[in-house]
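**Q** Need a 3D model of the following:
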Amino acid sequence: MLAGIYDDLLMACGGAARIAYKLMLTGEPLTPGGNPPVIQTNNLSTFTTSSLPWTGLGQDLAAGNELIVATGSEISGSWTQGNFALAVSGDGGATFTRYAHPQGGRSSFFAGSSIAFGRGLFVLATPDLSGYFTIYTSPDGSAWTARSAPFIGSAQVSFVNGVFFAFGFDTVNNVAAYATSSDGVSFARRPDLWPSAGGATANGSGAAPINSVDFSNGFWIIGAHPQNGNVEIAFSTDLANFTKQALPWGNNVSLVQGTAYVGGVAYFKGLYYATGSTGVAPYRQIATSVDLKSWSPLATSINNGGLGAPMNMGDRLVLFLRTGFPNDYIDVNGNTGATIYHPTNVDFETYMTTDGATFGQAALPTLLWRPIGFKLIST
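**A** Numbers count the residues shown, from 1 in each chain. Prediction:
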């Protein structure tokens, strides 16, 4: 059964058996213009693979109600298309059936749809042609209902420890922003954890979106790169009272894109692990803490690259590393309507540790050039 849980919290409740988790990925196929793969594994050594019914990119996926729903962009081998795409699997990911994406039209940005599942609903955040996000909900991935977005800008969605989050950047108020929902239908904008510092923008001079929300060892943990030159987390037990803490890596605010970020925070083997990037070489950062307050950089043999969210699979911690500049993107020429692909020299590597100290590289099937969307689901 697919319970559709996506948390970084993997805990065994007093005496109960530990929940088994499966890692599910999609992304960019090995061959440009190929079908995006869907890869599932519960041990990073044996895999089941399938593909999505379009050529281009798989951007995110979620599981629930005995279904898997995947989103992405349909792009040709010459990167001249960019239509939103969506598909649903009812057989555990062996096959996918395509349905109309609720946004329709052309994709204006590479970082397109984000999807989460909780409380019986799939919740989708996706940009319109202006780049501002809209929220849709569906019980089955085929029929979607538009909902009100809690702020104007860009956002991802996630379902973390029983709460839906929409998090990203408020373009109107020029500030990192997030909102929460108990049902996935009505989102309430939450107070700004990192107030705006006048003149900053999402793509330069220091301001950046909230880019991670996790729940680990009893704490919700929100990660962002605020305007003061640090990357920071804010953590809370009740989503009302937060403590902010800088992580031990800085930021190159002169870059138009690719500034420092928090990939995420997970609890593993008695320590919190925070991952991310400095925004400049050598990019990758890992730090550990016993209390979320005092952090120490972790020396590893991991190569250069920006690290995404750490994923605790119970018996191992998994990290995805993107080498080189971390953001490809697609936009639309305002004069001609043509889709423009901005490629960057990005590759990926997968690492895992079973002891929290020694990281070894794990090989994913060669169907996938790099992962873009990845989730943990309970099995």
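
**Q** Distance-wise, check the closest residue to residue 20 other than its chain neighbours relative to residue 286.
**A** Distances taken as C-beta to C-beta, 6 or more residues apart in numbering put residue 379 closest to residue 20, at 4.9 Å, once the chain neighbours are dropped. For the C-beta atoms, the positions are set from N, CA and C on the backbone; glycine is no exception. Residue 379 is 28 Å from residue 286, where distance means C-beta to C-beta, to the nearest Å.

**Q** Kindly report the same for residue 319.
**A** In terms of C-beta to C-beta, residue 319 sits 8 Å off from residue 286.

**Q** go on, residue 23?
**A** 19 Å.

**Q** more neighbours, residue 319 and residue 286?
**A** residue 319 (26 against 21; other C-beta atoms under 10 Å).

**Q** Give me the common contacts of residue 319 and residue 286.
**A** 275, 302, 307 (C-beta atoms under 8 Å, 6 or more residues apart in numbering).

**Q** so what's the closest residue to the last one other than its chain neighbours scoring on pLDDT?
**A** Looking back up the chat, that one is residue 307. Leaving aside its chain neighbours, residue 307 sits nearest to residue 275 (3.9 Å; criterion: C-beta to C-beta, 6+ apart). At residue 275 the predicted local distance difference test score is 93.

**Q** next one: residue 79
**A** At residue 79, pLDDT is 59.

**Q** now residue 197
**A** pLDDT, residue 197: 51.

**Q** cool, residue 331 as well?
**A** pLDDT, residue 331: 43.

**Q** cool, residue 318 as well?
**A** Reported pLDDT for residue 318: 94.

**Q** cool, residue 238 as well?
**A** 97.

**Q** ok, residue 59 touching residue 69?
**A** No. Counting by C-beta atoms under 8 Å, residue 69 is not a contact partner of residue 59; they are 11.8 Å apart.

**Q** which residues of the stretch 51-200 of the chain score low on pLDDT?
**A** Applying pLDDT under 70 to the stretch 51-200 of the chain picks out residues 76-81, 105-112, 129, 131, 196-200.

**Q** Tell me how many other residues surround residue 119.
**A** The number of residues near residue 119, taken as other C-beta under 10 Å, comes to 16.

**Q** Would you check how far apart it and residue 61 are?
**A** 18 Å.

**Q** is it possible to export the shared contacts of residue 319 and residue 286 to JSON lines including neighbour count and distance to residue 240?
**A** As requested, the shared contacts of residue 319 and residue 286 are exported to JSON lines (neighbours: other C-beta atoms under 10 Å; distance: C-beta to C-beta, whole Å):
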{"residue": "275", "neighbour count": "28", "distance to residue 240": "26"}
{"residue": "302", "neighbour count": "20", "distance to residue 240": "36"}
{"residue": "307", "neighbour count": "27", "distance to residue 240": "30"}
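
**Q** So which of those belong to strands?
**A** Applying DSSP state E to these, the entries found in strands are 275, 307.

**Q** How about the contacts made by the residue nearest to residue 162 when sequence neighbours are not counted?
**A** Spatial nearest neighbour of residue 162, excluding adjacent residues (C-beta to C-beta, 6+ apart): residue 118 at 7.3 Å. Remark: with contacts taken as C-beta under 8 Å, 6+ apart, residue 118 is in contact with 4, 64, 159, 162, 164, 184.

**Q** Buried by neighbour count, from these: which ones?
**A** Buried by 16 or more other C-beta atoms under 10 Å: 4, 64, 159, 164, 184, out of the contacts of residue 118.

**Q** Just name the closest of the residues you listed to residue 315, please.
**A** Minimum distance to residue 315 across the buried ones among the contacts of residue 118 is 21.5 Å, recorded for residue 4 (C-beta to C-beta).

**Q** Please report how far the residue nearest to residue 162 lies from residue 183.
**A** 9 Å.

**Q** what sits in contact with each of the two?
**A** Here residue 118 and residue 183 have residue 164 as joint contacts, going by C-beta under 8 Å, 6+ apart.

**Q** biggest strand in the protein by residues?
**A** strand 368-378.

**Q** Within the sheet, what are the partner strands of that strand, with directions?
**A** strand 21-29 (antiparallel) (DSSP bridges).

**Q** quick one: the strand it pairs with to chain centroid distance?
**A** Centroid separation for strand 21-29 versus its chain: 12 Å, with C-alpha atoms, centre = their mean, to the nearest Å.

**Q** neighbouring contacts of stretch 22-30?
**A** 35-42, 44, 51-52, 57-61, 63, 68, 70, 72, 93, 311, 313, 318, 364, 366-379.

**Q** hmm, which of those are the buried ones?
**A** So, by 16+ other C-beta under 10 Å, the buried ones in the contacts of stretch 22-30 are 35-42, 44, 51-52, 57-61, 63, 68, 70, 72, 93, 311, 313, 318, 364, 367-378.

**Q** So residue 87 versus residue 354, what's the distance?
**A** 34 Å.

**Q** who's more crowded, those two?
**A** residue 87 (25 against 14).

**Q** For the more buried one, give the beta-bridge partners.
**A** Judged by DSSP bridges, the bridge partners of residue 87 are residue 70, residue 98.
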